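> using only what follows, build the 3D model:
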Amino acid sequence: MTGSTVADVAVIGGGFVGLWTALEIKRVLPGSNVVVLERDVCGGGASGRNGGFVMSWWPKIASLLSFCNVEDAVFLAQSSERAIDEIRAFCETHAIDAHFRQSGWLWTATTEAQLDSWRETVEACANVGAQPFTTLTAREVARRTGSSVHRAGVFERSNATVQPAALVKGMRGVALAAGIRIFENTKVRDFSRGRPSTISADGGEVRAAAVVLATNAWAAAIPELSRLIVPVNSSIIVTEPIPERLEQIGWTGGESITDSQLMVNYYRTTRDGRIAFGKGSGAIEYGASIGKRFSYDEESRELTCRDFLRTFPMLKDVRIAHAWAGPIDRTYDSLPVFGTLDGTQNIHYGIGWSGNGVGPSRIGGKILASLALGKKDEWSTCPLVGRATRTFPPEPFRFIGGSLVRRAVLRKEQRENLGLRPRAVDVALARFAPAGLEDKS
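Below you'll find the model as predicted:
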C-alpha cells in the first residue's frame, strides 16, 4: 500500500481466518469498507502450506464440554461439521478448483499403546446424542489405509480434504470481486488502541473503526496474546506421483488419515496420486519467534520421513519430491480463543487453531465478523469468546520446559513405535504436553 486510507474494518492477516472474516462482513453488510493487510501473500502463512484436512470438532467434544454446557458444545461441533459442507458449496458457487474431496477421515492406532485412543471421545459423543464415528475392524482399517501398521480405527464420514493454497487463492479472488481491498506484502508495524485505531504498515497507514487480528502463530508477538499460544512447527513431505502404487496397496478411497500419537502423523493422497505425509513435530523457538525452522527444518523432515517409511515400508523406493514446514498456533486444549483486547472495544482476535483451522476457520470468520460489527448473536456470544484458558509460562521457562517435554514425548513415542515400554520419566514429562488434534483416552 501507499499512503493513508480509512476502513470500517481492518483485518490483519490474509489467511483462512482473515479472509473468511472479511467475506462474512461483506455478506452481512455489503456496503462496508473492509481492508485486509497481509505481510506476505494471502495464504503465505499456515493457510497455504498445511495438510489440507478439513475436519470437524467432534474429536474435541470432551474439550468443548470442559467449558461449554451440552447445548453449546453440540452447537459448536455441529457447526464445524456444517462448515465442511459450506466450504464445498463455496467452491462450487464460485467455481474454485480447490481439489475438494469429501471422503472422510480415519483416526487410527499404529501401536499397541494407541489402541482405543478414541474410546472416551466416542462415548462423549454418544452421551450428547451424536454418532459421528463408525468403528472399523483391524482388517478393514488396514485395507482402507493400504498399510498393516494400522491396527484399529474409527471413521468420521463428514471430513474432507482440499489443496489449501488453491482454496485460499480462490477466496482471495472472491474477496477482491466483493470489493474487499487486499494489501499484500504489507507488514503491520503497530496499531493504536484507540477508536478509531491507526494501523502503521509498510508504505502507509490505515484508520479503522474496528480491527481484527487474524495473524495466527504471529499473534505471539502481541504482548496481550503471547501466553495464550505457543508457535510449534509441523513438517510435511510429498512424494512423486505414484497412482499405480496406491492401487497396489489399496489406498484408493481418498480418506485422510491420522494416527494417535501426540506428535501426530497425518496423511492423505492428492489428485495426481501423491502422498502428502505430515508430522506435528513440535519444534519451538525461544521467545515464540517464528524463524527459518517454521519454513524448513531438517530434524523435523527426518522425523517425518522416518514415520512415513514406518507406515508405508513398501514405498521405500519412492522419491520425496517436496518438503516444507509451517507454524501452528497451539493452545493448551487445541481449540481457538476469541476475544477483545483488554482496554479496547474495537480490537478483536481469534487465535489458537492448533493445526485444525481449515474447516473451523469458517466458524472463526463468523465469530470475528459479529465481534467487529458489534452484533449480539449466537457467534459473538458463543463460549469460545472470552473463555478462560490455561496459559503458557513466560520465557525462559516456556522454551526450556517446552523443549524438555517435546524431547520426552519424542522418546516415549519412538519406543512405543518399536514395541518397547517407554521410560517412566518420559511418560511423566509427556503429561505436561498440551492436548493434541484429538481428545485421546
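> per the record, what domains does this protein have?
Following automatic domain parsing, one gets these domains for the chain: 1-103+162-229+332-390, 105-157+230-330.
> end to end, how far does the longest one reach?
Translated: domain 1-103+162-229+332-390. 38 Å (C-alpha to C-alpha, to the nearest Å).
> chain center to it, what's the gap?
Taking C-alpha atoms, centre = their mean, to the nearest Å, the mean C-alpha location of domain 1-103+162-229+332-390 is offset from the chain mean by 12 Å.
> what do you get for the shortest one?
Domain 105-157+230-330 has its C-alpha centroid displaced from the chain centroid by 14 Å (C-alpha atoms, centre = their mean).
> before we move on, back to that, how about JSON lines for the domains of the chain, with distance to Ala430, mean neighbour count and mean pLDDT added?
Quick note: C-beta positions are derived from backbone N, CA and C, even for glycine. JSON lines is the format used below for the domains of the chain (distance: least, C-beta to C-beta, whole Å; neighbours: other C-beta atoms under 10 Å; pLDDT from 0 to 100):
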{"stretch": "domain 1-103+162-229+332-390", "distance to Ala430": "14", "mean neighbour count": "20", "mean pLDDT": "97"}
{"stretch": "domain 105-157+230-330", "distance to Ala430": "7", "mean neighbour count": "19", "mean pLDDT": "97"}
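> dump those to JSON lines, plus distance to Gly436.
As requested, the domains of the chain are exported to JSON lines (distance: least, C-beta to C-beta, whole Å):
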{"stretch": "domain 1-103+162-229+332-390", "distance to Gly436": "6"}
{"stretch": "domain 105-157+230-330", "distance to Gly436": "5"}
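> for Pro422, find the nearest of those domains.
Pro422 lies closest to domain 105-157+230-330 among those, at 8.0 Å (C-beta to C-beta).
> list the contacts of the nearest residue to Val174 once chain neighbours are set aside.
Once flanking residues are discounted, Val174 sits nearest to His94: 5.2 Å by C-beta to C-beta, 6 or more residues apart in numbering. By C-beta atoms under 8 Å, 6 or more residues apart in numbering, the contact set of His94 is 170, 173-174.
> can you check Gly104 too?
Contacts of Gly104 by C-beta under 8 Å, 6+ apart are 155-159, 253, 255-256.
> in helices, which of those residues appear?
Among the contacts of Gly104, none falls in helices (DSSP state H).
> can you list the residues you listed in CSV and add distance to Arg27?
Below are the contacts of Gly104 laid out as CSV (distance: C-beta to C-beta, whole Å):
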residue, distance to Arg27
Phe155, 34
Glu156, 28
Arg157, 28
Ser158, 24
Asn159, 25
Gly253, 35
Glu255, 32
Ser256, 29
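> hang on, the earlier thing: which one of the domains of the chain lies nearest to Arg421?
Nearest to Arg421, of all these, is domain 105-157+230-330, at 9.0 Å by C-beta to C-beta.
> just so I have it, where are all the strands in the stretch 151-300 of the chain?
For the stretch 151-300 of the chain, strands defined by DSSP state E, counting those that start in this stretch occupy the ranges 152-156, 160-161, 181-183, 188-191, 197-201, 204-213, 230-239, 256-258, 265-269, 275-279.
> in a markdown table, list these along with distance to Val141.
Putting those into a markdown table (distance: least, C-beta to C-beta, whole Å) gives the following:
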| stretch | distance to Val141 |
| --- | --- |
| strand 152-156 | 4 |
| strand 160-161 | 18 |
| strand 181-183 | 43 |
| strand 188-191 | 46 |
| strand 197-201 | 50 |
| strand 204-213 | 41 |
| strand 230-239 | 21 |
| strand 256-258 | 9 |
| strand 265-269 | 14 |
| strand 275-279 | 17 |
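> out of those, which gets nearest to Thr5?
Proximity to Thr5 (C-beta to C-beta) singles out strand 204-213 among the strands of the stretch 151-300 of the chain, at 5.5 Å.
> could you dump the closest one to CSV, C-alpha only?
Output of strand 204-213 as CSV, limited to C-alpha atoms (Å, rounded to 0.1, in the frame of the first residue of the first chain):
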residue,chain,number,x,y,z
GLY,A,204,1.3,3.8,4.8
GLU,A,205,-1.3,3.6,7.5
VAL,A,206,-5.0,2.6,7.9
ARG,A,207,-7.5,4.3,10.2
ALA,A,208,-10.2,1.7,11.0
ALA,A,209,-13.2,1.8,13.3
ALA,A,210,-12.7,-1.9,14.1
VAL,A,211,-9.6,-4.2,13.8
VAL,A,212,-9.5,-7.9,13.6
LEU,A,213,-6.3,-9.7,14.4
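> what helices or strands is that strand leaning on?
Counting contacts by 3 or more C-beta pairs under 8 Å, 6 or more residues apart in numbering; DSSP states H and E, strand 204-213 is packed against strand 3-12, strand 34-37, strand 197-201, strand 347-351, helix 361-372.
> mind listing what Gly273 touches?
Contacts for Gly273 (C-beta under 8 Å, 6+ apart) come out as 241-244, 246.
> for Lys376, which of the strands of the stretch 151-300 of the chain is the nearest?
Among these, strand 204-213 comes nearest to Lys376, with 15.1 Å by C-beta to C-beta.
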